[in-house]
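Participant: Structure of the sequence below:
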Amino acid sequence: MIFAEKLKKERKDRGWSQEELAEKLFVSRQSVSKWENGQNYPSIEIIIKLSDLFEVTIDELLRSDEELKEKVINDSKQLAHPKLKFVFDVIFLIGVALLIIKIGMILLNKFTSLDFTLYGGSFIWNFGPLILMVGAGIGSSMVKDKYKED
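Facilitator: The predicted structure follows:
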């Protein structure tokens, strides 16, 4: 039996309307309706409340519905270091900005009579953006694969 059917059966066994169940869960009646029609799934917090209300285990609610099980697993994954991931993403964007500035300066010098000079040396402008983008990409990827273990 999939989650939607189980939810509807448990609710009807207790003689509750969708409105009554919604009030007990502090959600809208439309949410309960969508869950029972299989259009949406509740959060893990709601699943825990349902488990308590219906006096069934969470396993009984989840085990039969593979899609809901996957949603709960994916929802429970949270980055272990979200701020560090953000820092790597910002560093990557800085590298992209430096690359765009360099390309813009080259194009301005080539197609106009202006003569712009990039200060800081050719090594910084030639390899700096690449180093920033590759380093930040690797760092971001490593952090992205680490999740909190609760």
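Participant: Packing partners of the helix or strand of the chain with the lowest mean pLDDT?
Facilitator: Across the helices and strands of the chain, mean confidence by mean pLDDT, DSSP states H and E is lowest for helix 66-76: a mean of 75. Helix 66-76 sits against helix 44-54, helix 58-62, with contacts defined as 3 or more CB pairs under 8 Å, 6 or more residues apart in numbering; DSSP states H and E. Every C-beta, even on glycine, is put in place using the N, C-alpha and C of the backbone.
Participant: Low-confidence ranges, the protein, go.
Facilitator: Counting by pLDDT under 70, the ranges of the chain that qualify are 1, 64, 76-80, 147-150.
Participant: swap the cut-off to 90 and go again
Facilitator: Scanning the chain for pLDDT under 90 picks out the ranges 1-6, 38-45, 47, 56-85, 109-110, 112-126, 140-150.
Participant: could you dump stretch 100-108 to PDB, C-alpha only?
Facilitator: The C-alpha coordinates for stretch 100-108 follow below in PDB (Å, rounded to 0.1, in the frame of the first residue of the first chain):
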ATOM      1  CA  ILE A 100      35.800  38.700 -18.000                       C
ATOM      2  CA  ILE A 101      37.800  41.900 -17.000                       C
ATOM      3  CA  LYS A 102      40.900  40.500 -18.800                       C
ATOM      4  CA  ILE A 103      38.900  39.600 -22.000                       C
ATOM      5  CA  GLY A 104      37.200  43.000 -21.900                       C
ATOM      6  CA  MET A 105      40.500  44.800 -21.700                       C
ATOM      7  CA  ILE A 106      42.000  42.800 -24.500                       C
ATOM      8  CA  LEU A 107      39.000  43.500 -26.700                       C
ATOM      9  CA  LEU A 108      39.000  47.300 -25.800                       C
END
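Participant: now stretch 12-25, how far from the centre of its chain.
Facilitator: Centroid separation for stretch 12-25 versus its chain: 31 Å, with CA atoms, centre = their mean, to the nearest Å.
Participant: check contacts around Phe127.
Facilitator: Residues near Phe127 by CB atoms under 8 Å, 6 or more residues apart in numbering: none.
Participant: The one 5 residues further on too?
Facilitator: Each residue near Leu132 by CB under 8 Å, 6+ apart is listed here: Ile91, Phe92, Ile94, Gly95, Leu98.
Participant: Alright, calling it a day.
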